[in-house]
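Colleague: Mind folding the following:
(2 chains, ligands or ions: 2)
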Amino acid sequence: MDEVILSIQNVNKSFGGIKPTDNVSFNVKRGEIVGLIGPNGAGKSTLLNLISGIISPDSGSIFLNNVDISRMPAYRRSRMGIGRTFQDPQFLLRSKPIENMLLGADLANKNRYMQSYLGLSEDKFTMKFAELLEISGLNVDMSLRINDLPYGQRKILEIVRALLGNPQILLMDEPAAGINIVETEMIVKLINYAISEQKIGVLLVEHHMDLVMSICNWIEVLSSGTIIANGVPEDVSKNPSVIEAYLGRKSDVIS
Amino acid sequence: MASNKNREILIKTGWTALKVALVAVVVIVFTSKANNYYFTIVNSALIYVIAALSLSLLLGMGGMMSFATVTFMGIGAYATANLSKVLHVPTSLSILLAVLISALIAFLIAILLTRLKGSYFAFASIGLAQISYAIFLNFKPLTGGPNGFSNVPKLIIAGIEFDNLKKWFYLLLIIVFLAALSLERIRRTTLGRSLAAIRDNEIAAQSLGIDIYSTKIITFVIASVYGSIAGALIAHMNTYLSAYLFTFDISVSFLIMVMLGGVNSTTGAILGALLVTLIPEWFRVLQSYMKLIYGISIVALMIFMPSGLTGIIDSIKYKVDMEKKKKRNKDYSNG
Ligand SMILES: Nc1ncnc2c1ncn2[C@@H]1O[C@H](COP(=O)(O)OP(=O)(O)OP(=O)(O)O)[C@@H](O)[C@H]1O
Ligand SMILES: [Mg+2]
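Modeller: Ligands and ions are numbered 1, 2, ... in the order given. Modelled structure (predicted):
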């Protein structure tokens, strides 16, 4: 399983005076969870936006399964297999959960317009959705609008929606931020399922160090737009420059 | 759980049956009592329903505020009029060709227009409505110019000549029904969901593989199909066309219809179109103030009920459901 799915090569991006992405390079392999950590404003979300195509790099390349996607529009990248969740979950807030989840299923449909017109895909969708809910252990009131669901449920549903889209790689922007321990556990179950059953790669941006250290196979540390360190969790957590850049004081890393 | 679902299905079927029965009663009573005057009014209201559905698709589902519905109505109307009268194409075929022509023109326009966002799109559509009106009014060879286009052949479908308003009434009922049904179907397809996503959250849409540009183009073309059908029907029903049928003001009235009924609802568009066309007929004294009333209604609707009648009903229903659920949960935890 050493197949590289996502390869980021010398990517640069600046906004006016700030440079949140400064010559960043790393790979994500199939079946691997790569953690992307760094202090607030380090450029983590920017990097995810560059990969998913919300913004385009100034220079450098991003390869998905050896295809250069760095100049493609976002919708094409997602069709090619870039799935993602957002720091602030992005939904059709006035719609019900099912309608939002169907958007994920639509993405997985190759023949987008015809299939769902003939209603062929909905059974498959219902089964897959039920399966993912069961795996996570999440219980959602389907009659509520997304707007009225608790924040944690929304964050989990966003992951479910991304997985319904059958991605090659899942980019997650702080999935555990602002949610409780039980919900964090649910997210871990979904990530593990994605890795072991869907055989995808995961790029995880997260501030919860114990979560990152426990589930990631590899960690990249970003600070002021540059990768300042990388390695397996044990090494990274002991790296003095990481500790200094990330939180300034050693004691905070443990908490 | 299962019995709950059964009950839900039962209630739903009951409601549908009730609605169908209601419509049937209205139709039967209406057709037995109505004279030509009533048929004239109701038939044109039904045609406006089709046009309102066109806008409902664009604005309600797609979030595209368009004033160009009249443009495609006009194209449909003049195209079928010319094809059938000048080229002697059978009317049922000429309507079909007119719709195709309109769709083709809509496609070309959409390539330019759908790049624009929000109010820019709306402004461009206003321009389009004004341009098309100027053409309908002045391009004599195809539209008859200020004198209008008279003697459009009567509609004949499968040997049936639609030579009186009662026949038209039944035909229009069927067409409205099919138009509404197809719109509801679109809402439940990938296209409908893609549109909702573009309307409500472009970032989510893009990250879920939705091509905003091409989705908008497809939608614009489909909306033009509804619009041109409405226009073509006017041509063959009235057998006379004038540019005044396709003014910017008429597009504004479609906007009021859709907003009054509820932008994101097919039933709403139908309801709105019927109310806006029929109410002025009931209160004839109001007619000279129509423009003023339209203006005030738009402002009032935007401020006081942006989701329209059906939107209000939906949100009341939703709240009632919520309350019931809360109560049930309470009872459950108490008992
Ligand atoms: N579209 C933009 N325009 C201008 N500046 C931007 C834009 N997006 C991000 N930035 C800036 O780039 C820097 C990196 O932001 P980014 O959101 O990527 O950080 P982050 O690592 O995700 O931080 P956090 O942990 O707080 O989420 C910040 O200084 C931010 O203000
Ligand atoms: Mg961020």
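
Colleague: Quick check: nearest residue in space to the residue of chain B found nearest ligand 1, chain neighbours excluded?
Modeller: Residue of chain B nearest ligand 1, by C-beta to the nearest ligand atom: residue B:203 (12.1 Å). C-beta: built from backbone N, CA, C; applies to glycine. Nearest non-adjacent residue to residue B:203, counting by C-beta to C-beta, 6 or more residues apart in numbering or on different chains: residue A:90, 5.2 Å away.

Colleague: and the one you found, which of the three is it?
Modeller: Here residue A:90 is recorded as coil under DSSP: H, G, I helix; E, B strand; the rest coil.

Colleague: For residue 72, give me its contacts.
Modeller: If you meant another chain, say so; for now it's chain A. Each residue near residue A:72 by C-beta atoms under 8 Å, 6 or more residues apart in numbering or on different chains is listed here: A:53, A:80.

Colleague: wrong one, I was asking about chain B
Modeller: B:54, B:102, B:105, B:106, B:223, B:224, B:227, B:228, B:231.

Colleague: residues near the second one, how many?
Modeller: Put plainly, it is residue B:102. 29 (other C-beta atoms under 10 Å in any protein chain shown).

Colleague: what does the third one give?
Modeller: In terms of burial, residue B:105 registers 18 neighbours under the definition other C-beta under 10 Å.

Colleague: surely it meets residue B:74?
Modeller: No: taking C-beta atoms under 8 Å as the definition, residue B:105 is not a contact partner of residue B:74, at 10.7 Å.

Colleague: what's around the residue in chain A that ligand 2 sits nearest to, how many residues?
Modeller: In chain A, no residue comes nearer to ligand 2 than residue A:45, which is 3.1 Å away by C-beta to the ion. Neighbour count of residue A:45, defined by other C-beta under 10 Å: 19.

Colleague: what about it, which helix or strand?
Modeller: Per DSSP states H and E: residue A:45 is located in helix A:44-52.

Colleague: re the thing from before, pLDDT, secondary structure and distance to residue A:146 added to the contacts of residue B:72, as a markdown table?
Modeller: Putting the contacts of residue B:72 into a markdown table (pLDDT from 0 to 100; DSSP: H, G, I helix; E, B strand; the rest coil; distance: C-beta to C-beta, whole Å) gives the following:
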| residue | pLDDT | secondary structure | distance to residue A:146 |
| --- | --- | --- | --- |
| B:54 | 96 | helix | 29 |
| B:102 | 98 | helix | 37 |
| B:105 | 98 | helix | 38 |
| B:106 | 98 | helix | 33 |
| B:223 | 97 | helix | 27 |
| B:224 | 97 | helix | 32 |
| B:227 | 98 | helix | 33 |
| B:228 | 98 | helix | 37 |
| B:231 | 97 | helix | 39 |
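
Colleague: coming back round to it: tell me which residues in the strand or helix carrying the residue of chain B closest to ligand 1 are buried?
Modeller: Per DSSP H and E: residue B:203 is located in helix B:202-207. For helix B:202-207, the buried set under the neighbour-count rule, 16 or more other C-beta atoms under 10 Å in any protein chain shown, comprises B:202, B:204, B:205, B:206, B:207.

Colleague: Quick check: residues of the stretch 101-250 of chain B near chain A?
Modeller: Residues of the stretch 101-250 of chain B lying close to chain A (C-beta under 8 Å from any C-beta of the partner chain) are B:185, B:189-191, B:193-194, B:196-197, B:200-201, B:203-212.

Colleague: about what we covered before: packing partners of the helix holding residue A:45?
Modeller: Helices and strands touching helix A:44-52, as assessed by 3 or more C-beta pairs under 8 Å, 6 or more residues apart in numbering or on different chains; DSSP states H and E, comprise strand A:4-15, strand A:18-29, strand A:33-37, helix A:74-80, strand A:82-84, strand A:169-173, strand A:201-205.

Colleague: Could you rerun that using 7 Å?
Modeller: Using 3 or more C-beta pairs under 7 Å, 6 or more residues apart in numbering or on different chains; DSSP states H and E as the contact test, the elements touching helix A:44-52 are strand A:4-15, strand A:18-29, helix A:74-80, strand A:82-84, strand A:169-173.

Colleague: quick one: is that helix near ligand 1?
Modeller: Yes: Helix A:44-52 reaches ligand 1 (C-beta under 6 Å from any ligand atom) through A:44, A:45, A:46.

Colleague: Looking at those, which one is closest to chain B?
Modeller: residue A:45 (12.1 Å; C-beta to the nearest C-beta).

Colleague: residues contacting the closest one?
Modeller: By C-beta atoms under 7 Å, 6 or more residues apart in numbering or on different chains, the contact list for residue A:45 reads A:87, A:173.

Colleague: and the residue of chain A closest to ligand 2, how far is that from residue A:89?
Modeller: 14 Å (C-beta to C-beta, to the nearest Å).

Colleague: do the same with residue A:130
Modeller: Noted for residue A:130: a distance of 21 Å to residue A:89, by C-beta to C-beta.

Colleague: and what of residue B:83?
Modeller: Taking C-beta to C-beta as the criterion, residue B:83 is separated from residue A:89 by 52 Å.

Colleague: As CSV, the helices and strands packed on helix A:44-52 with mean pLDDT would be great.
Modeller: CSV is the format used below for the helices and strands packed on helix A:44-52 (pLDDT from 0 to 100):
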stretch, mean pLDDT
strand A:4-15, 96
strand A:18-29, 95
helix A:74-80, 94
strand A:82-84, 96
strand A:169-173, 97
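
Colleague: Contacts only, for residue 175.
Modeller: As the question left the chain open, I've gone with chain A. Counting by C-beta under 7 Å, 6+ apart, residue A:175 makes contact with A:85, A:155, A:159, A:187, A:206.

Colleague: that's the wrong chain, I wanted chain B
Modeller: Residues near residue B:175 by C-beta under 7 Å, 6+ apart: residue B:50.

Colleague: Show me which residues of the helix or strand encompassing it are buried.
Modeller: In this assignment (DSSP H and E), residue B:175 forms part of helix B:165-187. Buried residues in helix B:165-187, defined by neighbour count with 16+ other C-beta under 10 Å: B:165, B:168-169, B:171-173, B:175-176, B:179-180, B:182-183, B:186-187.

Colleague: Give the residue spans of the stretch 1-150 of chain A that score low on pLDDT.
Modeller: Low-confidence segments of the stretch 1-150 of chain A (pLDDT under 70): A:1, A:110-122.
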